[in-house]
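> next input, structure requested:
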Amino acid sequence: MGIGDVTRLHAITALYRSVDYECGGGTLYAEVGRFAEAAAYRLLNACYADTLRPRVLTTVAEARQLA
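The predicted structure follows:
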């Protein structure tokens, strides 16, 4: 896993967040929950450089917070 993967997942979370703000909380509740669980599982179980760890943890936290 590299920085590009983390950046893409961060961008997806930002997109879900913008839809949530525009349409109201809960509109995409189930979809965001599935995304957050999958993202958390994949990111936390992937191999990545130690220098990427803070970004990985932040991306997982953002997705879980939104869910």
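> give the next helix or strand downstream of the helix or strand of the chain with the lowest mean pLDDT.
Scoring the helices and strands of the chain by mean pLDDT, DSSP states H and E places helix 29-45 at the bottom, with a mean of 87. Remark: after helix 29-45, the chain's next helix or strand is helix 53-66, criterion DSSP states H and E.
> quick check: buried residues in that next one?
Within helix 53-66, the residues scored as buried using 16 or more other Cβ atoms under 10 Å are 55, 56, 59, 60, 62, 63, 66. Backbone N, C-alpha and C define where each C-beta goes, glycine included.
> now stretch 36-43
36, 39, 40, 43.
> show me the shaky parts of the chain.
Residues of the chain meeting the criterion pLDDT under 70: 25.
> any figure for the gap between the residue nearest the centre of the chain and residue 16?
Closest residue to the average C-alpha location of the chain: residue 63 at 3.6 Å, with Cα atoms, centre = their mean. Residue 63 sits at a distance of 8 Å from residue 16 (criterion: Cβ to Cβ, to the nearest Å).
> check residue 4 too.
Residue 4 is 19 Å from residue 16, by Cβ to Cβ.
> ditto for residue 8
For residue 8, the distance to residue 16 - Cβ to Cβ - is 13 Å.
> who's more crowded, those two?
Comparing residue 8 with residue 16 by other Cβ atoms under 10 Å, the one with more neighbours is residue 16, at 20 against 11.
> OK, contacts around that one?
When contacts are counted by Cβ atoms under 8 Å, 6 or more residues apart in numbering, residue 16 touches 28, 31, 32, 35, 66.
> that one: which element?
Short version, using DSSP H and E: residue 16 is in helix 3-23.
> buried ones in that helix?
Under 16+ other Cβ under 10 Å, the buried positions of helix 3-23 are 5, 6, 9, 10, 13, 16, 17, 20.
> closest to residue 47 among the residues you listed?
Relative to residue 47, the closest of those is residue 5; by Cβ to Cβ it sits at 11.3 Å.
> separation between the closest one and residue 59?
Applying Cβ to Cβ to residue 5 and residue 59 gives a distance of 9 Å.
> just residue 67 next, same as before
Using Cβ to Cβ, residue 67 is found at 13 Å from residue 59.
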